[in-house]
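J.: Give the three-dimensional model of this entry:
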Amino acid sequence: MTKMLTEDAVIARLAKAVVDRTVAALVASLDDMHDCLSGDDSGLESVWEEVCVQIQHEESVHWATYEEMVRGLIDAEVPKLQDYEKAAIWFQTDAGLDWACSEPEERDSDPYVDDDVAEYIVKALYSFASDFERDNIRQYLTRTTESDA
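T.: Numbering: from 1, shown residues only. Here you go, the predicted model:
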């Protein structure tokens, strides 16, 4: 017998699938960008790799530029999502949880906010970057941590 999922579990699974799909698209876009700011001798080959090393080690002086690129890509992706996808993601945010826990008469009828959805996706992308591994990243981090010692 299969286990019946609650509405919250269905919404959470939908949100995760949409966020995972969106993060994969963002990674692909950033990985296709080769105008790196870390220098030719860094061994890093894409903006995605540069974002990963900054998340995993420390932010460079160029972090604001990377952050702007990431947010620009996300701001372009969020409007492409279906309303029900944005709502599912929004329900995973603090604002969404607060809305769900409030009294029905106190709730806005169209509550989700694209900025909350975008911020949730940013956090998911950076979480993915914190664990992402690739030889170029590993070599860069090894060199950096050795020179810090």
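J.: Could I get the contacting residues of the spatially most central residue of the chain?
T.: Nearest residue to the geometric centre of the chain (C-alpha atoms, centre = their mean): Leu125, 2.3 Å. Residues in contact with Leu125 (C-beta atoms under 8 Å, 6 or more residues apart in numbering) are Val23, Leu26, Val27, Val70, Ile74. C-beta: built from backbone N, CA, C; applies to glycine.
J.: List the buried residues for the helix ranked longest in the chain?
T.: Longest helix of the chain, by residue count under DSSP state H: helix 7-31. Using 16 or more other C-beta atoms under 10 Å as the test for burial, helix 7-31 gives Ile11, Ala12, Leu14, Ala15, Val18, Val19, Thr22, Val23, Leu26, Val27, Ser29, Leu30.
J.: so what secondary structure elements neighbour that helix?
T.: Applying 3 or more C-beta pairs under 8 Å, 6 or more residues apart in numbering; DSSP states H and E, one finds that helix 7-31 contacts helix 47-56, helix 63-77, helix 83-90, helix 114-131.
J.: Can you redo these as CSV, where the extra columns are distance to Gly39 and mean pLDDT?
T.: Output for the helices and strands packed on helix 7-31, formatted as CSV (distance: least, C-beta to C-beta, whole Å; pLDDT from 0 to 100):
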stretch, distance to Gly39, mean pLDDT
helix 47-56, 10, 95
helix 63-77, 14, 95
helix 83-90, 36, 94
helix 114-131, 20, 96
